[in-house]
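Asks: mind folding the following:
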Amino acid sequence: MLTIHFSPEDILRTRMAPAADPVWELVLSLHLLQGRSSDPLMAHWRQGVTRELRRDAASERLRLLFALNPPRGYFPDFLTPYDSVEGFEAGLEAVRSTPAGILHRDLTVLAGANTLPTSAAPLARGEPEVLRHLTESMSRYRSVALTPYWGRIQAAVEADRTRRARALLDGGVEGLLNSLRPAMIWKSDRLEIHGYPDSRELHLGGRGLLLVPSFFCARTPVALLDPALPPVLVYPVDRLGGLVPGDGAGGAGNGAGREALAALLGRTRAAVLAASDDGCTTGEMARRLHISPAAASQHTAVLRRAGLLVSQRDRNTVLHTLTPLGRAMLDA
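Replies: Here you go, the predicted structure:
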């Protein structure tokens, strides 16, 4: 079990990542790709990415990247720098700038349970050419495994962020932390993650905690091993039906598109879809659209069955958010 201890200052400084973290998603997707998961939602993605990498003449250059990310157990902290909260390129620059001492430490831990390629030795010494090669491999892998699917990844993470924002507004940071059940259990001054692969205690020491919702995170949340690094906890989100290339990458909305959507769905259902853009409960939708709660519930049920909405219950309310298909229709 992982136990994260909070002081009052830590509670005040706990926050959510602003969007899907591209480096964390890359690293965790490597674990999923190489693992034995039978999740049917990810079968299409795994088959497509594996096929593309086999055809890729540069796939041999990815060997070091795959070796650094075994499907189970430890993976190096330096691969997921805090800077990636600012975007993919910022994350890669932080990887390239990793001090040799940290590289040597992380790779020594990794080599204790894994066989590493010969290129790991110059990486452990911090040779710039190998670090550049590694980040180029990360970019190449991203273009195959993440970029074609990024719309749905972003939509799934944003749906979760909307849910957590509601919990924060209703109950403060403690409400936010309580909303993370059942993966995590909040107990007044600590967050417990049961089923963690090892037993650890993490004291935040006034630094707060960055919560990172992740599409590719498996059932168990992930924290960095080094307690001196800025505290980050990555946790899984609802995958909203899996991955399809190009899904959810809609463009900017326009009046003609909204009129066409109203003609297709009917004006009330089109309005329900639009109201769900930033997340909306059934009661809020009824008040906003001047319809009864029963009518709002009926319309959201139809849109949910059509794959345009996802509904998540939190105690006595139901929050409706757009799926990638719903967002694409709204923005068409």
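Asks: please, where are all the helices along the stretch 1-150 of the chain?
Replies: 8-12, 22-34, 43-55, 63-67, 88-96, 100-111, 120-124, 128-145, 150-178 (DSSP state H, counting those that start in this stretch).
Asks: need these in CSV with mean pLDDT, can you?
Replies: Putting the helices of the stretch 1-150 of the chain into CSV (pLDDT from 0 to 100) gives the following:
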stretch, mean pLDDT
helix 8-12, 94
helix 22-34, 95
helix 43-55, 88
helix 63-67, 94
helix 88-96, 97
helix 100-111, 96
helix 120-124, 95
helix 128-145, 95
helix 150-178, 88
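Asks: as CSV, those helices with distance to Gly283 and mean neighbour count would be great.
Replies: Yep, even glycine has a C-beta here, placed from its N, CA and C like the rest. CSV is the format used below for the helices of the stretch 1-150 of the chain (distance: least, Cβ to Cβ, whole Å; neighbours: other Cβ atoms under 10 Å):
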stretch, distance to Gly283, mean neighbour count
helix 8-12, 29, 14
helix 22-34, 34, 22
helix 43-55, 36, 15
helix 63-67, 48, 17
helix 88-96, 39, 18
helix 100-111, 49, 16
helix 120-124, 55, 18
helix 128-145, 40, 17
helix 150-178, 12, 20
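Asks: surely Leu210 meets Arg15?
Replies: Yes - counting by Cβ atoms under 8 Å, Leu210 touches Arg15, with 6.1 Å between them.
Asks: quick one, what contacts Arg72?
Replies: Taking Cβ atoms under 8 Å, 6 or more residues apart in numbering, we find Arg72 in contact with His31, Gly35.
Asks: can you give me the distance of Glu86 to Arg142?
Replies: 16 Å (Cβ to Cβ, to the nearest Å).
Asks: actually Thr268, not the one I wrote
Replies: According to Cβ to Cβ, Thr268 stands 41 Å off from Arg142.
Asks: with Leu26 instead?
Replies: Separation of Leu26 from Arg142 (Cβ to Cβ): 5 Å.
Asks: then Arg207?
Replies: Going from Arg207 to Arg142 by Cβ to Cβ gives 29 Å.
Asks: one more: Thr162?
Replies: 25 Å.
Asks: centroid-nearest residue for the chain?
Replies: In the chain, the residue lying closest to the centroid (Cα atoms, centre = their mean) is Ser214, at 1.6 Å.
Asks: would you mind measuring from the nearest residue to it once chain neighbours are set aside to Glu284?
Replies: For Ser214, ignoring the flanking residues on the chain, the nearest one in space by Cβ to Cβ, 6 or more residues apart in numbering is Val234 at 4.9 Å. Separation of Val234 from Glu284 (Cβ to Cβ): 30 Å.
Asks: out of these two, which sits in the more crowded spot?
Replies: Between Val234 and Glu284, counted using other Cβ atoms under 10 Å, the more crowded position is Val234 (23 against 15).
Asks: grab the nearest non-local neighbour of Pro236.
Replies: Nearest to Pro236 is Cys217, by Cβ to Cβ, 6+ apart, at 4.1 Å.
Asks: likewise for Val109?
Replies: Nearest residue to Val109 in three dimensions, chain neighbours excluded: Tyr74, at 5.9 Å (Cβ to Cβ, 6+ apart).
Asks: also Gly126?
Replies: Per Cβ to Cβ, 6+ apart, closest to Gly126 is Ala100, 3.1 Å.
Asks: list the contacts for that neighbour?
Replies: Counting by Cβ under 8 Å, 6+ apart, Ala100 has contacts Ala124, Arg125, Gly126.
Asks: one step back: reformat the helices of the stretch 1-150 of the chain as a markdown table; add distance to Thr300.
Replies: Formatted as a markdown table, the helices of the stretch 1-150 of the chain follow (distance: least, Cβ to Cβ, whole Å):
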| stretch | distance to Thr300 |
| --- | --- |
| helix 8-12 | 34 |
| helix 22-34 | 29 |
| helix 43-55 | 27 |
| helix 63-67 | 43 |
| helix 88-96 | 35 |
| helix 100-111 | 47 |
| helix 120-124 | 51 |
| helix 128-145 | 33 |
| helix 150-178 | 14 |
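Asks: among the ones you listed, which is nearest Asp226?
Replies: helix 100-111 (8.3 Å; Cβ to Cβ).
Asks: what angle separates that closest one from helix 88-96?
Replies: 90 degrees (axes from the mean of the first three to the mean of the last three Cα atoms, to 10 degrees).
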